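>>> I need the structure of the sequence given here:
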Amino acid sequence: MEWQPDEQGLQQVLQLLKDSQSPNTATQRAVQEKLEQLNQYPDFNNYLIFVLTSLKSEDEPTRSLSGLILKNNVKAHYQNFPPAVADFIKQECLNNIGDPSPLIRATIGILITTIASKGELQTWPELLPQLCNLLNSEDYNTCEGSFGALQKICEDSSELLDSDALNRPLNIMIPKFLQFFKHCSPKIRSHAIACVNQFIIGRAQALMDNIDTFIESLFALAADEDSEVRKNVCRALVMLLEVRIDRLIPHMHSIIQYMLQRTQDPDENVALEACEFWLTLAEQPICKEALSGHLVQLIPILVNGMKYSEIDIILLKGDVEEDETVPDSEQDIKPRFHKSRTVTLQHEGDAGEEGEDIDDDEDDDDDTLSDWNLRKCSAAALDVLANVFRDDLLPHLLPLLKGLLFHPDWVIKESGILVLGAIAEGCMQGMVPYLPELMPHLIQCLCDKKALVRSIACWTLSRYAHWVVSQPPDSHLKPLMTELLKRILDGNKRVQEAACSAFATLEEEACTELVPYLSFILDTLVFAFGKYQHKNLLILYDAIGTLADSVGHHLNQPEYIQKLMPPLIQKWNELKDEDKDLFPLLECLSSVATALQSGFLPYCEPVYQRCVTLVQKTLAQAMMYNQHPDQYEAPDKDFMIVALDLLSGLAEGLGGHVDQLVARSNIMTLLFQCMQDSMPEVRQSSFALLGDLTKACFPHVKPCIAEFMPILGTNLNPEFISVCNNATWAIGEICMQMGAEMQPYVGLVLNNLVEIINRPNTPKTLLENTAITIGRLGYVCPQEVAPMLQQFIRPWCTSLRNIRDNEEKDSAFRGICMMIGVNPGGVVQDFIFFCDAVASWVSPKDDLRDMFYKILHGFKDQPPRPRRETLVSGISMGGLQGNSSSSVYCTALVVGRRGTLSTCFSRQTPSPRMCGEFLRDLALALTRQGDVTDV
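Numbering: from 1, shown residues only. As a prediction, this is how the structure comes out:
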């Protein structure tokens, strides 16, 4: 007999549903408690499905709410439902999928999908056949309800539907869906396309088998009068461009024309989907060829899409000019995630690189309007197309730009400034002649009466910061810096945020160019402390930290310290240990401590102790959680990570002064635990701190080396790039302190290091640190490392050829020279690469230069001819066989009597003639010095 509700129980449930719609907090709390009680009774869920599907006398919101509560119960407790209850719910769903109410149909569809996602697709075998069969119903509601449920199932379970686990139901479903592309109802057509779209990116075989029919059906719907259908057609074409461009190429001209129309669709949702097409096309190799003839149409369309819409301006409060006294609401503040410290090396011709795996989080303009919209998509499309077409884009853009930038309507002028920022990266070279005229206009826009114009001007100017810094300081840097600092103190919070971010970018580019203005800069940033609301305060920390990174030790002046440190320490003291605002403040203090060096000493003890406490607390919480996960919450390990990174900053900045702090704490014990943490970011920061403590106060580290080295060895795993990188660097620092005592640990790390340096596609930063550490290991233990020389010498040399002269490079090259001394045969076949790496030195120390000189002469003199013939063979083969990865193929190294170095480079693939010339030049040079007698 079918289940029937008890009338009293039904009234109780209905009252509960009514109460749950009350805005009163106390009532809501009582409802929640009652729900938890009722969930103890299995047939409570029967009442909920009954209200949803059968109690047509109730209003739709109440019925729908009943279904949503049931959905939550399914998600949380479905495995505990008695079989009779589960079967009753499933049957009621299928029987009522055609309810006359769209809201109830949608709720039933959500409920079906939730049940299916709990593993029920396999144990509810009649579900898919029955839903597909219901598509044939002549009743519109039944057909639409079934399609709605199928669409949700396709969204949630696309991989499972294309698997053998369900006997590949897509073989029936895809052709079925395609039939409905021609249905008379636009809602049904839209459902049908949306269902098929779920299987494009995964290249479902059933869809690939019907791909031509699918594409033809899409083309037939291109001009559909329904905006939802057009949106789904555009979405399908964008995805097909990514996975089956081969099928679209024959129709590309027509598709581009269609997308040009749709990007201007009166429905912004359609226009946004169409605009995604240009972003995706820009990533395809055919982009330039396919789009060249259409730029004249496309560029004005994208530019037009970059204007704020009326709704954007309302949402952004574009008419509000001053709001600095209005407190931020918590939902305005994005959660912040700390990025663990990665140790990197500096390269020739730049101010230092971040690791390749570090995100360049370069938001555009209106960050708080976080939804992806047509304006953002148009700007992103123009940005990527500028990187494809470079200066070829400008003839189509420059005629528009002048009219935009000087337009009396602020909305249009604002869009022109955004356009100028969007093309900065791709069209920089072509824009250079116009920048001397444009820069003063953009700087003037920083004073515009409209806040949204001022904020976008900040962003666009930051995109040209590199060019600004390359000019004489008084031309543009000084005026830009002056106006940006004024905007940092703007009365509008959005402008403050944009100015702070732009100034941080300028700091990174200008570096020590800012030193003459430090007092003025610090006055402004410190004044902002008392002015900013919560959200912008977090961005201010970043600007101060970036300033410290950029000017370094120049910040270590009593006047600057007195300005900067009191407000930072005041914030530090105000924040509780569990406050996530500590993250950006700790990051900021880490940079400041490193820059101030001994200037940070008066502040270091309480900062150090608090960091140690944060690490200790987090480890204790993690231990309690691991032992009793049902009683304790998992700790937020970001607190520990930022604390470890600040300790690194203290060790790096204070150097030997950190000795007493370490001596009075249990940091080495804590570090031993952190190095074995399950979270990679914790280990990453631990190894960075270990390396810094090794440099600053090795006597405290040395007693732990026997325990630390096996852990370091097991973390030489390039699957975790940043962890591996920092472990590698720490090993190198330990080598330099341990000296010959490193010998027992060589076997723990050497094979892994050699494997990493030979691994294809290893990030540059990791390769460089690995090469440095191998060199240092060879420097202190040459007898143990030299036998493997031939296995790593070539990638070792190519990894270090672009590194600046510094102490790390010096020790690594001393190590390689000592290893060559022990095992000269290991370098013979790749000697040309060694010459090339040596040639990268600008001014090696005299004794290192002598080591290079002796190696060359050692090859020349001992034994007389056979060794030299081997060298000739090695250089010729090294230059000719499979070395296309090297940017410099032939290098003639000339060592003069006074030890000077010079090089002759050839940046082309070498021919036998070129290699012969190389050898001739080398021999002639040595002959002229009296170092050889036969050529």
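>>> any chance you could map the strands in the stretch 51-200 of the chain?
Taking DSSP state E, counting those that start in this stretch to define them, one finds no strands in the stretch 51-200 of the chain.
>>> any idea how far residue 845 is from residue 275?
58 Å (Cβ to Cβ, to the nearest Å). The C-beta positions use only the backbone N, C-alpha and C, and glycine is treated the same way.
>>> Please apply the same query to residue 136.
With Cβ to Cβ as the criterion, residue 136 and residue 275 are 37 Å apart.
>>> So for these two, which sits in the more crowded spot?
Each of residue 136 and residue 275 has its neighbours counted (other Cβ atoms under 10 Å); residue 275 has more, 29 against 11.
>>> Regarding that one, which helix or strand does it belong to?
Using DSSP states H and E, residue 275 maps to helix 268-282.
>>> Which secondary structure elements does that helix sit against?
Secondary-structure packing of helix 268-282 (3 or more Cβ pairs under 8 Å, 6 or more residues apart in numbering; DSSP states H and E): helix 227-243, helix 252-262, helix 287-291, helix 295-305, helix 374-389.
>>> How far away from the center of its chain is the fourth one?
Helix 295-305 has its C-alpha centroid displaced from the chain centroid by 29 Å (Cα atoms, centre = their mean, to the nearest Å).
>>> same check, this time on the shortest one
The gap between the average C-alpha position of helix 287-291 and the chain average comes to 28 Å, counting by Cα atoms, centre = their mean.
>>> again, but for stretch 704-717
29 Å.
>>> Name the surrounding residues that touch it.
Identification of contacts with stretch 704-717 by Cβ atoms under 8 Å, 6 or more residues apart in numbering yields 668, 671-672, 675-676, 683, 687, 690, 701, 723-724, 727-728, 730-731, 734, 738, 745, 748-749, 752-753, 756.
>>> Quick one: the helices in the stretch 101-250 of the chain, in order.
102-115, 121-123, 127-134, 140-156, 158-161, 170-179, 186-197, 205-208, 211-220, 227-243, 245-248 (DSSP state H, counting those that start in this stretch).
>>> Out of these, flag the one nearest residue 719.
With Cβ to Cβ, the closest approach to residue 719 among the helices of the stretch 101-250 of the chain belongs to helix 158-161: 24.1 Å.
>>> what's next to that closest one, contact-wise?
Helix 158-161 is touched from outside by 121, 153-154, 166, 169-170, 173, 198-199, 202, 204, with contacts defined as Cβ under 8 Å, 6+ apart.
>>> Does the lengthiest helix in the chain pack against any helices or strands, and if so which?
Ranked by residue count, the top helix of the chain under DSSP state H comes out as helix 601-627. Judged by 3+ Cβ pairs under 8 Å, 6+ apart, helix 601-627 is in contact with helix 558-574, helix 582-596, helix 638-654, helix 659-663, helix 667-674.
>>> switch to 10 Å and redo it
helix 558-574, helix 582-596, helix 638-654, helix 659-663, helix 667-674, helix 680-701 (3 or more Cβ pairs under 10 Å, 6 or more residues apart in numbering; DSSP states H and E).
>>> can you put the ones you listed in CSV and add distance to residue 774?
Output for the helices and strands packed on helix 601-627, formatted as CSV (distance: least, Cβ to Cβ, whole Å):
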stretch, distance to residue 774
helix 558-574, 40
helix 582-596, 27
helix 638-654, 23
helix 659-663, 29
helix 667-674, 25
helix 680-701, 16
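>>> most tightly surrounded among those?
Highest mean neighbour count of the helices and strands packed on helix 601-627: helix 638-654, a mean of 27 (counted as mean count of other Cβ atoms under 10 Å).
>>> ok, and for the helix or strand that residue 421 is a member of, which residues are buried?
Residue 421 is part of helix 410-422, with elements assigned from DSSP H and E. Neighbour counts over helix 410-422 (16 or more other Cβ atoms under 10 Å) mark 411-422 as buried.
>>> residues in contact with the closest residue in space to residue 140 that isn't next to it in sequence?
The shortest distance from residue 140 to any non-neighbouring residue, by Cβ to Cβ, 6 or more residues apart in numbering, is to residue 185 (6.5 Å). Contacts for residue 185 (Cβ atoms under 10 Å, 6 or more residues apart in numbering) come out as 140, 143-144, 147, 191, 226.
>>> Among those, the buried ones, what's the PyMOL command?
Applying 16+ other Cβ under 10 Å to the contacts of residue 185, the buried members can be selected in PyMOL as follows:
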select buried, resi 143+144+147+191+226
